[in-house]
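Undergrad: Just need the structure, nothing else, for what follows:
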Amino acid sequence: MPELPEVETVRRGLQPALEGARLVAVEARRPDLRFPFPERFVERLTGRTITALGRRAKYLTMHADDGLVLICHLGMSGSFRVETAGTSEMPGEFHHQRSKNETHDHVVFHTELPTGERSRIIFNDPRRFGFMLFSEGVPDEHPMLAGLGVEPTGNALDGTLLASLLEGRRSPLKAALLDQRLIAGLGNIYVSEALWRAGLSPLREAGTIAKASKKARQQSDRLAGAIRTVIADAIAAGGSSLRDHVRTDGSLGYFQHSFAVYDREGEPCPTPGCGGHVERIVQSGRSTFYCRACQR
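TA: Next comes the predicted model:
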């Protein structure tokens, strides 16, 4: 499933074609994805202007000029692509074949910018685990978004806040970081990468870095910084592009070539002077990659 950097990459790719654009026409080519489309889905969106395109955790939010908000989730295999009128090929070096298979093109937004430029924004989802739902009120109060924790971007997540979130928690550190009620949008890949950057074991008790000692404060500061930078680096590189994820231009991202430990079982640890090797363990049914020599 795409993680936060992938979703942010999609948002930035859609922004030039969608923000400020009028939805000239909307096609829903089937009655549902993971959930049925909202009642009057096509009717309520047609003719509306998209004033802003946001993101909350792993969800995209399309804000219309009448106050309506469309909440979108990519699921496991969903992707958007942008086709400018008159073109038949998508830019990008590496194309994901299913992103252009019309059999799986389930939603099409026909848009027109104030400049007159028209595009088709197509949602493709072979497995149909994605969804599109309306928020009738404040988006953050929608059941899909309510209860989500702090965003791991910007400076809001610092060592002090992280320590307060983890205080007293006896679960493994990795499991606590994956709790969306604490930090929204962190997934398996980037938690493994952030823990390696911070030199902290995914197996240690989460609350140990929330104690009052100087060492614990240093650990929480280091981990908060590692989370922010690994997410920022992945966004800048275009996401990880594992499995079915594609960017809006149909191409794959490149952060996967920069993974330090994720999916690198048996390789030497990249920490200078470490001498250890990357190991794979299973936590709560999910693979964790780390170096026991330098992550304590």
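
Undergrad: What residues of stretch 131-144 count as buried?
TA: Buried residues in stretch 131-144, counted by 16 or more other CB atoms under 10 Å: 131-135, 139, 142. Where you see a C-beta, it was placed from the backbone N, CA and C, and this is true even at glycine.

Undergrad: For the residue of the chain positioned farthest from its centre, give me its contacts.
TA: The C-alpha centroid of the chain is most remote from Ser213, which lies 33.7 Å away (CA atoms, centre = their mean). By CB atoms under 8 Å, 6 or more residues apart in numbering, no residues touch Ser213.

Undergrad: Mind pulling up the pLDDT for it?
TA: Note on Ser213: pLDDT of 97.

Undergrad: what are the ranges of the strands in the stretch 151-296 of the chain?
TA: Secondary structure of the stretch 151-296 of the chain (DSSP state E, counting those that start in this stretch): strands at 279-283, 286-290.

Undergrad: The stretch 1-150 of the chain now?
TA: 22-28, 50-56, 59-64, 69-73, 79-84, 105-112, 118-124, 131-135.

Undergrad: now the second one, how far from the centre of its chain.
TA: Read that as strand 50-56. On the basis of CA atoms, centre = their mean, to the nearest Å, strand 50-56 sits 15 Å off its chain's mean C-alpha point.

Undergrad: Could you pull up the contacting residues of Ser192?
TA: Going by CB under 8 Å, 6+ apart, Ser192 touches 174, 202, 261-262, 288-290.

Undergrad: which among the residues you listed gets closest to Thr84?
TA: Taking CB to CB as the measure, Thr84 sits nearest to Tyr262 out of the contacts of Ser192, at 35.0 Å.

Undergrad: Next, count neighbours for the closest one.
TA: Neighbour count for Tyr262, taken as other CB atoms under 10 Å: 24.

Undergrad: could you list every residue that touches it?
TA: 189, 192-193, 289.

Undergrad: Leu165 now?
TA: Per CB under 8 Å, 6+ apart, neighbours of Leu165: 149-150, 176, 182-183, 210.

Undergrad: Okay, now the unreliable bits of the stretch 1-150 of the chain?
TA: 1, 85-100 (pLDDT under 70).

Undergrad: that older thread, for the strands of the stretch 1-150 of the chain, which one sits closest to Pro36?
TA: For those, proximity to Pro36 was assessed by CB to CB; strand 131-135 is nearest, at 9.2 Å.

Undergrad: quick one, helices of the stretch 51-200 of the chain?
TA: 159-166, 173-177, 188-198 (DSSP state H, counting those that start in this stretch).

Undergrad: Can I get those in CSV including mean pLDDT and distance to Phe35?
TA: What follows is these, written out as CSV (pLDDT from 0 to 100; distance: least, CB to CB, whole Å):
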stretch, mean pLDDT, distance to Phe35
helix 159-166, 98, 30
helix 173-177, 98, 28
helix 188-198, 96, 24
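
Undergrad: Could you export those to CSV, including columns for distance to Ala52?
TA: Compiled in CSV, these are given as follows (distance: least, CB to CB, whole Å):
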stretch, distance to Ala52
helix 159-166, 26
helix 173-177, 29
helix 188-198, 26
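
Undergrad: Out of those helices, flag the one nearest Gly116.
TA: Minimum separation from Gly116 across those (CB to CB) falls at helix 188-198, 40.1 Å.

Undergrad: Relative to the whole chain's centre, how far out is the closest one?
TA: For helix 188-198, the separation from the chain centroid amounts to 15 Å (computed by CA atoms, centre = their mean).

Undergrad: change the start of the numbering to 19 and stick with it
TA: That works, and once the first residue is 19, the last one we named lands at helix 206-216.

Undergrad: Walk me through the domains of this structure.
TA: Domains of the chain are assigned by automatic domain parsing as 22-159, 177-308.

Undergrad: Pull up the distance across the longest one, start to finish.
TA: Using CA to CA, to the nearest Å, the end-to-end distance of domain 22-159 comes to 20 Å.

Undergrad: again with the shortest one
TA: Using CA to CA, the end-to-end distance of domain 177-308 comes to 22 Å.
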